[in-house]
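Asks: turn this into a structure:
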Amino acid sequence: ARKPRATPGTASTPPAAGVVPQNARYTRMEDEKDDWDPNATVGERLWALVTKRLIVEFFGMFFIALVSSQCAAFTTSLTMAALTFTAASASGAHFSPAISLAYVSLGALQPMPALAYYLFQTLGALFGLLTASALFEPEAALAASKLPPLGTPAAIALVAPTLIYTLVHLSVLSEGKRTQFFGLAVGFALYAGLVAHGEASGSACLLNPALALANWLGSFLVLGGSSSPLVMPGLTPSTNPIINQLLFLALTGTVAAVASKLFEACNAAGSKAASLLTELVGTYLSCLLVVATADEGRELSAQAVGLGIGALSYFGGEVSEAHYNPIVSLAHALTGSLPRDELPAYLGVQLAGSLAASYTAGFLVHEVLPTQTLAADEMLSTVGLNTILFGLLVAFVHLSVFGAQGGKDKSEANGFYGYAVGFAYVAGI
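Replies: Predicted coordinates:
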């Protein structure tokens, strides 16, 4: 029998004596402050920072830049997942100023370490791109990390994927969660964003000013600076690259601040409004993924949307149980895990999120959600039956994996719940 869900936003029950939480060693919020002891000397601070964190960020960005310059989105995302598993306990596995700025906004990282992160992320990406240029075709190696010009729809379209990526990162790495498989969540969020933006359009790591600056420096060193067609991304080829970099930092910082505030609001303890806000944001971003990947082919779109929703399940899983779909909410209401008096509110915010996504897509790319209206006599057609069966699959999987989160000590927790939901979406689409 399904267990009634906990009050939205409340903290998990403390584990029983002798039971170790699944990912206790990866709690990041307080660890971010450990090495910046105000009582330590400047030399001690810098030594602790360099040895434990910055070298990890440097080598992580080195390999991300190297791999993304030669490989498709899925390989880049798996590389990000592997490096996130590797670096989480050392540096928090930021690998992007967007993540570092989000932690600054949360108060979990101080500005000086964040600046040091940015510097070493840029240096690591630069050496990665220079290595790729030496081993492979230079122009092709640098093209993958080139951000689109500011002010264009391609640049604006990076905002939502970067927001998804940042929210997922904060959700699985900033405090104790029910899964140890955080690296896959981060990698799948990146994959969904890359496919949504278009694999052939560059921006190998979404809004990443460190990679953008490394791209310009690499172009200057390898291809001859302003004479290269791969100049610093910005409003015009002649625009001062420093100004452009500051603009990208400002845009990235805005996205990071929005992500951190949404994360805090959606995790407000004991607040039913937090559950509704989580459903609104999750549905909105999920529907945006559907629109953004509609032109990428059925199989690629299914993978990006499914894995993206799977990653977003970790954003809302412990707040609203990450329904993001009216049929899932209805199934939970019928089984008793969602109070029936809350069902209308869930359906209302999900509808609002999908409408907002449609209007956003219409503004950015002049497209709306690629839906198909079925007449009454078409409900028993192949498309109608497929839609019904897909809904049943998603609802059944969602009920099953979220129902396995019981046990006072969370010993019965299913850490793969987000991936199970995501894989069901991939199969259905």
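Asks: where do the helices sit along the stretch 1-150 of the chain?
Replies: 42-49, 55-68, 73-87, 97-106, 111-135, 138-143 (DSSP state H, counting those that start in this stretch).
Asks: who's in contact with the nearest residue to Y284 once chain neighbours are set aside?
Replies: Leaving aside its sequence neighbours, Y284 sits nearest to G353 (CB to CB, 6 or more residues apart in numbering; 3.9 Å). Where you see a C-beta, it was placed from the backbone N, CA and C, and this is true even at glycine. Neighbour list for G353: E279, L280, V281, G282, T283, Y284, S286, C287, Y324 [criterion: CB atoms under 8 Å, 6 or more residues apart in numbering].
Asks: show me what contacts A265?
Replies: Shown in contact with A265 (CB under 8 Å, 6+ apart): A274, L277.
Asks: again, 10 Å this time
Replies: G9, S271, A273, A274, L277, T278, V281 (CB atoms under 10 Å, 6 or more residues apart in numbering).
Asks: between the contacts of G353, which has the most around it?
Replies: Neighbour counts for the contacts of G353 (other CB atoms under 10 Å) peak at Y324, which has 31 neighbours.
Asks: look up how far Q110 lies from that one.
Replies: 35 Å (CB to CB, to the nearest Å).
Asks: got any ranges where the stretch 151-300 of the chain has weak pLDDT?
Replies: Low-confidence segments of the stretch 151-300 of the chain (pLDDT under 70): 151-153, 175-179, 198-205, 224-242, 269-270.
Asks: all strands of it, in order?
Replies: Assigned by DSSP state E, counting those that start in this stretch, the stretch 151-300 of the chain shows no strands.
Asks: just the contacts of A265 now: which is nearest I164?
Replies: Among these, V281 lies closest to I164 (CB to CB), at 9.7 Å.
Asks: please name the nearest non-neighbouring residue to that closest one.
Replies: L262 (5.9 Å).
Asks: ditto for T360
Replies: Nearest residue to T360, sequence neighbours excluded (CB to CB, 6+ apart): L288, at 6.4 Å.
Asks: can you report how many residues lie near the one you found?
Replies: L288: 27 surrounding residues under other CB under 10 Å.
Asks: isn't it up against A361?
Replies: Yes - the criterion here is CB atoms under 10 Å, and L288 meets it with A361 at 6.6 Å.
Asks: just give me how far the helix or strand hosting L351 sits from the chain centre.
Replies: Using DSSP states H and E, L351 maps to helix 343-365. Centroid separation for helix 343-365 versus its chain: 20 Å, with CA atoms, centre = their mean, to the nearest Å.
Asks: OK, contacts around the residue nearest the centre of the chain?
Replies: The centroid of the chain falls nearest to Y165 when counting by CA atoms, centre = their mean (1.6 Å). Y165 makes contact with 80, 96, 98-99, 186-194, 205-208, 255, 259, 308, 311, according to CB under 10 Å, 6+ apart.
Asks: ok, now Y346?
Replies: 275-276, 279-280, 283, 320-321, 323-326, 328-330, 332-333, 338-339.
Asks: grab the nearest non-local neighbour of A73.
Replies: L194 (3.8 Å).
Asks: residues near that neighbour, how many?
Replies: 25.
Asks: do the same with V426
Replies: Based on other CB under 10 Å, the number of other residues close to V426 is 17.
Asks: I'd say I164 and G308 touch.
Replies: Yes - applying CB under 10 Å, one finds I164 in contact with G308, separated by 6.6 Å.
Asks: which neighbours do these two share?
Replies: Contacts common to I164 and G308, judged by CB under 10 Å, 6+ apart, are A189, L190, A192, G193, A196, L285, S286, L288, L289.
Asks: residue contacts, the fourth one?
Replies: Looking back up the chat, that one is G193. Counting by CB under 10 Å, 6+ apart, G193 touches 73, 77, 157-158, 160-165, 168, 203, 205-207, 289, 292, 304, 308, 311.
Asks: cool, and the fifth one?
Replies: Applying CB under 10 Å, 6+ apart to A196 gives the contacts 73, 157-158, 160-161, 164, 206, 288-294, 296, 301, 304-305, 308.
Asks: I'd say G348 and L276 touch.
Replies: Yes - the pair G348 and L276 qualifies as a contact (CB under 10 Å) at a distance of 8.3 Å.
Asks: of those two, which one has the most company?
Replies: A direct count of neighbours by other CB under 10 Å for G348 and L276 places L276 higher, at 21 against 14.
Asks: next, count neighbours for the closest residue to that one other than its chain neighbours.
Replies: Of all residues not flanking L276 in the chain, V349 sits nearest, at 4.9 Å (CB to CB, 6+ apart). Using other CB under 10 Å, V349 has 23 other residues around it.
Asks: if we can go back for a sec, for the residue nearest to Y284, give me the pLDDT.
Replies: According to the prediction, G353 has pLDDT 92.
Asks: how much space between it and M80?
Replies: Going from G353 to M80 by CB to CB gives 27 Å.
Asks: cool, F120 as well?
Replies: Shown here: F120 relative to M80, a distance of 17 Å by CB to CB.
Asks: which one of the two has more residues nearby?
Replies: Comparing F120 with M80 by neighbour count (other CB under 10 Å), the higher total belongs to M80, at 29 against 24.
Asks: wait, doesn't that one sit right on C71?
Replies: No - M80 lies out of contact with C71 (CB under 10 Å); the separation is 11.4 Å.
Asks: pretty sure the residue nearest to L276 sits against A274.
Replies: No - using CB under 10 Å, V349 makes no contact with A274, being 11.7 Å away.
Asks: between the two, which contacts overlap?
Replies: S320.
Asks: what distance separates the start and the end of stretch 131-146?
Replies: This stretch, stretch 131-146, spans 16 Å end to end (CA to CA, to the nearest Å).
Asks: chain center to that stretch: distance?
Replies: Distance of stretch 131-146 from the chain centroid (CA atoms, centre = their mean) equals 26 Å.
Asks: list the buried residues of it.
Replies: By 16 or more other CB atoms under 10 Å, the buried positions in stretch 131-146 come out as T131, A132, S133, P138, A141, L142, A143, A144, S145, K146.
Asks: how close does T254 sit to L142?
Replies: For T254, the distance to L142 (CB to CB) stands at 27 Å.
Asks: with E299 instead?
Replies: E299 sits 29 Å away from L142, taking CB to CB as the criterion.
Asks: and for I429?
Replies: Relative to L142, I429 is positioned 34 Å away (CB to CB).
Asks: ok, A333 next?
Replies: Using CB to CB, one obtains 52 Å as the distance from A333 to L142.
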